[in-house]
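> Predicted coordinates and the sequence they were generated for:
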Amino acid sequence: MFKRLTVGKWIALAVSLATLSLVVSMWTYKNSLMEGEEAVIAVLNNPSNVVFSKQGKVRFYYYYIYNDLTRLIRIKHRGETKSFRVRESNNPVDTGIEVDAGDSINIEVFEGSGYTKKAYGWKNINADNTCGKEPYARDNVSWQRQDAASAGKPLESIQCWSDWEPEVHPVLDFNDFLLIFSYEPGVEPEPSPESSPESTPTPEASPESSPESTPTPEASPEPSFPPKQPDTGTPTWIMVGLLGLGGLLVLVKSKWLK
């Protein structure tokens, strides 16, 4: 009987612990989401992709807001991986990575001892140029944005980051540090002659022949001949001469043959 009660107590205790564990897990999950949609986006944003709208070399700016820690920024592009350690604010990093319009890079951020812990994620800068999410502090980052823009290149991505937090109850404040991705300053590449319609000479159209421009050969003057007489047969004076000669021969013949 004692053993049966002991087993029953163990079963009841196990059920109670399982129920308590389920309740605690649901409570932790609810609090860790903190407006669930943004939390899911934040987790998915490390790693994440940054798309570039033009050709150039990638530069990023790092600004810490609260936690002055050394962080590792890992960038992957076309099978190549580069890592950059950052700590000081207002220190642009020229990566040397060349991108084309529509190209993208993949980024990951690590921190902690040996850079084994991933930063929790990021969200876009707020419309009022602040980083942070209620109920946590919202810090104005206007000067950081202006500082990055002063290089004269487009700012392709402005990211408000939340650093690493314990997974049980992460504080998703998104105000720990700021990353801005842009381009290295430099001379814009000139278009090649083939691609520039201005640089390709346009052949001039040959002037069309016109009656005025083409001289018309004049007809050669026909040689002048006396006017032709109408054909009336043998001339009359020849006929008269022949008849006279014939008559003379007849007369001579008649005289000498007598």
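Great, that's in hand.
> What separation is there between Gly102 and Phe177?
In this view, Gly102 and Phe177 are 28 Å apart by C-beta to C-beta, to the nearest Å. Bear in mind the C-beta positions are built from the backbone N, C-alpha and C, glycine included.
> who's more crowded, the two?
Phe177 (26 against 10; other C-beta atoms under 10 Å).
> Low-confidence ranges, the chain, go.
For the chain, the stretches with pLDDT under 70 are 1-11, 13-44, 187-258.
> how does it look with 90?
Low-confidence segments of the chain, defined by pLDDT under 90, span residues 1-46, 66-69, 88-91, 112-113, 120, 164-172, 186-258.
> any chance you could map the helices in it?
Counting by DSSP state H, one finds helices in the chain at the ranges 2-33, 36-44, 142-149, 236-256.
> since we're on Asn91, how many residues are nearby?
10.
> before we move on, what about Pro92?
15.
> Also Pro166?
There are 9 residues near Pro166, going by other C-beta under 10 Å.
> Mind jotting down where the strands sit in the chain?
48-51, 56-64, 71-77, 80-86, 93-99, 104-111, 117-118, 121-124, 130-131, 139-140, 157-162, 177-183 (DSSP state E).
> so Gly102 makes contact with Val51?
Yes - counting by C-beta atoms under 8 Å, Gly102 touches Val51, with 7.1 Å between them.
> on that earlier part again, Throw the strands of the chain into JSON lines and include distance to Ala148, thanks.
Below are those laid out as JSON lines (distance: least, C-beta to C-beta, whole Å):
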{"stretch": "strand 48-51", "distance to Ala148": "14"}
{"stretch": "strand 56-64", "distance to Ala148": "5"}
{"stretch": "strand 71-77", "distance to Ala148": "15"}
{"stretch": "strand 80-86", "distance to Ala148": "14"}
{"stretch": "strand 93-99", "distance to Ala148": "12"}
{"stretch": "strand 104-111", "distance to Ala148": "16"}
{"stretch": "strand 117-118", "distance to Ala148": "24"}
{"stretch": "strand 121-124", "distance to Ala148": "15"}
{"stretch": "strand 130-131", "distance to Ala148": "14"}
{"stretch": "strand 139-140", "distance to Ala148": "15"}
{"stretch": "strand 157-162", "distance to Ala148": "8"}
{"stretch": "strand 177-183", "distance to Ala148": "5"}
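> which one of those lies closest to Val171?
strand 157-162 (7.3 Å; C-beta to C-beta).
> tell me which strands and helices that closest one is in contact with?
strand 121-124, strand 177-183 (3 or more C-beta pairs under 8 Å, 6 or more residues apart in numbering; DSSP states H and E).
> Would you list the strands that the longest one pairs with, along with their directions?
If I follow you right, that is strand 177-183. Strand 177-183 has its sheet partners listed here by DSSP bridges as strand 56-64 (antiparallel), strand 157-162 (antiparallel).
> From Ser150, how far out is Pro92?
10 Å.
> next one: Cys160
20 Å.
> which of these two has more neighbours?
Shown here are Cys160 and Ser150; by other C-beta under 10 Å, Cys160 has more neighbours (26 against 9).
> check contacts around the more buried one.
Taking C-beta atoms under 8 Å, 6 or more residues apart in numbering, we find Cys160 in contact with 122-126, 131-132, 141, 174-175, 178.
> List buried residues within those.
122-123, 125-126, 131-132, 141, 174-175, 178 (16 or more other C-beta atoms under 10 Å).
> need those in TSV with distance to Val58, can you?
Below are those laid out as TSV (distance: C-beta to C-beta, whole Å):
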residue	distance to Val58
Trp122	17
Lys123	21
Ile125	19
Asn126	25
Cys131	22
Gly132	26
Val141	21
Phe174	23
Asn175	25
Leu178	17
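> Out of those residues, flag the one nearest to Ile65.
Asn175 (5.5 Å).
> Is it correct that the closest one is in contact with Tyr136?
Yes - in this structure Asn175 lies within contact range of Tyr136 using C-beta under 8 Å: 6.2 Å.
> returning to that earlier point: could you say which one of the helices and strands packed on strand 157-162 comes nearest to Val168?
strand 121-124 (16.4 Å).
> That concludes my questions; thank you for your assistance.
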